[in-house]
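> sharing a model that was predicted from the sequence below.
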Amino acid sequence: MLNARTLLVRGMIAGAVAGVAAFLFAYLFGEGPINDAIAFEEAHAAPLPAGEHEHELVSRGVQSTAGLATASVVYGVALGGLFAIVVAITLGRIGRISARATAGLVALAGFVGVALVPFLKYPANPPATGNPDTLQQRTGLFFLMIVIGVATVIGVAVVTRSLQARYGTWNAATAAVVGGVVVVGIAIALLPAVNEVPDGFAPILLWKFRLASLGTQAVNWATLGLLFGYLTERSQRAATAVAAQPVAV
């Protein structure tokens, strides 16, 4: 029997490591497009009146290093705690698979629901590509897409489990995934589009940033799932070995 507190702590540790991995990926592949986008914004910004200067509360150097690292690790720790809770609930309920495989499936489902589905409709945009007046609307639409993605993933899992006994695991999972794709497709078609990229902004720069953003999420979820699954399975093997040892009388 797995201890809930132990799983939670393990999830937070794995989340911290995943946050560091996500920071490294974002720094290596995301900061370049961000700097180019900022340069584009500054080149096309209206000049300030004489004698006025724009002051940064936090320098760009701090934002791209300590700020990004702190945000990545804090997000990873929080995500790792929630991830551990979901894995604890899921263990033993999706068939006779190991804790490592369960963690991997939960991580894959989390990436699809939280990152991939919203990306398909509202991909991340670098600086200089958004209208400040529509920030609240864009934020609301993005979180609505996350809710749809998570609900769809949960629905796929529930439908697969309900059809598994009658149609088999493979057929049930296929039917559930197809239904989930249809639901996401309808949501993408019905929700309003957001296209605020200014004229002259390089498409290759836009997609470099978007792919770096999605890649950061993929690294985060993959590291979290693999590391948490490995630590949990190793702990289970150690507990089994201890339980199997003869007791001295």
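Done, it's in. Numbers count the residues shown, from 1 in each chain.

> could you identify the helix or strand that succeeds the helix or strand containing S162?
Assigned by DSSP states H and E, S162 falls within helix 135-167. Moving toward the C-terminus from helix 135-167, the next helix or strand (DSSP H and E) is helix 169-190.

> pull out the buried residues from that following helix.
172-173, 176, 180, 183-184, 187 (16 or more other Cβ atoms under 10 Å). Backbone N, C-alpha and C define where each C-beta goes, glycine included.

> of all pairs in the residues you listed, which one is the farthest apart?
A172 and A187 (22.9 Å; Cβ to Cβ).

> could you check how many residues crowd around A193?
8 (other Cβ atoms under 10 Å).

> what about it, distance to S162?
35 Å (Cβ to Cβ, to the nearest Å).

> before we move on, what about V182?
V182 is 17 Å from S162, where distance means Cβ to Cβ.

> same thing with F40?
51 Å.

> okay, those two: which has more neighbours?
F40 (19 against 12).

> report the spatially nearest residue to the more buried one, omitting neighbours in sequence.
Distances taken as Cβ to Cβ, 6 or more residues apart in numbering place A128 nearest to F40, at 5.2 Å, with adjacent residues excluded.

> now do R210
Closest to R210 by Cβ to Cβ, 6+ apart is P123, at 4.5 Å.

> could you do P127 as well?
The nearest residue in space to P127 (Cβ to Cβ, 6+ apart) is A37, at 4.7 Å.

> now what about the helix or strand harbouring that neighbour, what contacts it?
Element membership for A37, per DSSP H and E: helix 31-44. With contacts defined as Cβ atoms under 8 Å, 6 or more residues apart in numbering, helix 31-44 is touched by 60, 64, 68, 126-129, 198, 200-202, 205, 208-209, 212.

> next, give phi and psi for V194.
phi -130, psi 120 (degrees, to the nearest 10).

> can you count the residues close to the spatially closest residue to it that is not a sequence neighbour?
Nearest non-adjacent residue to V194, counting by Cβ to Cβ, 6+ apart: R138, 5.6 Å away. When counting by other Cβ under 10 Å, one arrives at 16 neighbours for R138.

> could you do A14 as well?
Count around A14 with other Cβ under 10 Å applied: 28.

> use 495 as the first number from now on
New numbering, starting at 495: the last item is A508.

> which elements pack onto the helix or strand hosting it?
Element membership for A508 (DSSP H and E) is helix 498-523. Other helices and strands packing on helix 498-523, by 3 or more Cβ pairs under 8 Å, 6 or more residues apart in numbering; DSSP states H and E, are helix 562-584, helix 697-738.

> and the first one, what's buried?
So that's helix 562-584. Applying 16+ other Cβ under 10 Å to helix 562-584 flags 562-563, 566-567, 569-571, 573-575, 577-578, 580-582, 584 as buried.

> and these, which is closest to G604?
F577 (6.8 Å).

> residues contacting A520?
562, 566, 706-707, 710.

> for these, give me TSV that also has distance to F636 and pLDDT.
Compiled in TSV, the contacts of A520 are given as follows (distance: Cβ to Cβ, whole Å; pLDDT from 0 to 100):
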residue	distance to F636	pLDDT
L562	20	91
S566	19	95
A706	17	95
S707	12	95
T710	16	96
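
> next, format those residues as TSV and append distance to V641.
Listed next are the contacts of A520 as TSV, based on distance: Cβ to Cβ, whole Å:
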residue	distance to V641
L562	26
S566	23
A706	25
S707	19
T710	21
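
> could you single out the nearest of these to A645?
S707 (22.5 Å).

> mind listing what's buried in stretch 601-618?
Neighbour count says stretch 601-618 has 601, 603-613, 615-618 buried, by 16+ other Cβ under 10 Å.

> and the protein, split by domain according to the record?
What automatic domain parsing lists as the domains of the chain is 495-537+557-623+693-743, 626-690.

> least confident of these, on average?
Mean pLDDT is lowest for domain 495-537+557-623+693-743 among the domains of the chain, at a mean of 88.

> thank you, goodbye.
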